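[1] Sequence plus the predicted model coming up.
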Amino acid sequence: ILFKTSKGDFEVELFVKDNPLTASNFLENIEKNIYNNIKFYKIISYPQVKLIHSGIAADVTSYESKKQFLSNIAPLIPLEIKFKKQTEPKYKYQIKDISETDDLVHFFNNGYLAMAKKGDKNSSSTEFFFVTNKISELDGRYSIFGRIVRGLEVLNKIEKKDLIYRIKTLS
């Protein structure tokens, strides 16, 4: 998929095979144009990593028309993580034992995309975030469903209130 932003464009590969529910939910949101002309509304900066949030938060009052859309879809999707030795992802399961992270298929790294979370067992259906570096503390706690494959330098330029003009599929 292609993100067209106020800082430039970047391409994202979705992990459709490993995270089918999360990826298909995101693609459905793109098809319904809910991410057109929205802001990156939260940037969390730590010394080694930045978390860049966007999407439609159900409690953001500046998106009245988007909130009406949200009322017509399920507000949450289950947390979806994939282990190496399993053919299907595991749903509504959050890793609590750090030793389990060794068996994960996807780990947080620079340019990786995940759904924000609502509680221990559910993901948001519309809010997502990118990370700008490895952050193993989040592994197994969020549905990682994609990564930037072209234009990673654009992600590092994103600041709070920069815009996503449009997200579109490339195929």
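    Now that the structure is in, tell me what you want to look at.
[2] residue ranges of the helices in the chain, please?
    Counting by DSSP state H, the chain has these helices, from start to end: 20-31, 64-71, 152-157.
[3] In the shortest one, which residues are buried?
    The neighbour-count check on helix 152-157 (16 or more other Cβ atoms under 10 Å) flags 154, 155 as buried. Every residue, glycine included, has its C-beta placed from N, CA and C.
[4] which other residues reach it?
    Outside helix 152-157, the residues that touch it by Cβ atoms under 8 Å, 6 or more residues apart in numbering are 5, 7, 8, 9, 10, 50, 52, 110, 111, 130, 132, 148.
[5] Grab the two from these that are most spread out in space.
    For the contacts of helix 152-157, the farthest-apart pair by Cβ to Cβ is 9 and 50; their separation is 19.2 Å.
[6] In terms of neighbours, single out the busier of those two.
    Between residue 9 and residue 50, residue 50 has the larger neighbour count (other Cβ atoms under 10 Å), namely 19 against 13.
[7] related to what we said a few turns ago, would you list the contacts of helix 152-157 in a markdown table and tack on pLDDT and distance to residue 165?
    Supplementary listing: those in a markdown table, determined by pLDDT from 0 to 100; distance: Cβ to Cβ, whole Å:
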| residue | pLDDT | distance to residue 165 |
| --- | --- | --- |
| 5 | 97 | 6 |
| 7 | 97 | 11 |
| 8 | 98 | 11 |
| 9 | 98 | 9 |
| 10 | 97 | 12 |
| 50 | 83 | 21 |
| 52 | 85 | 16 |
| 110 | 95 | 23 |
| 111 | 96 | 19 |
| 130 | 95 | 16 |
| 132 | 93 | 21 |
| 148 | 97 | 17 |
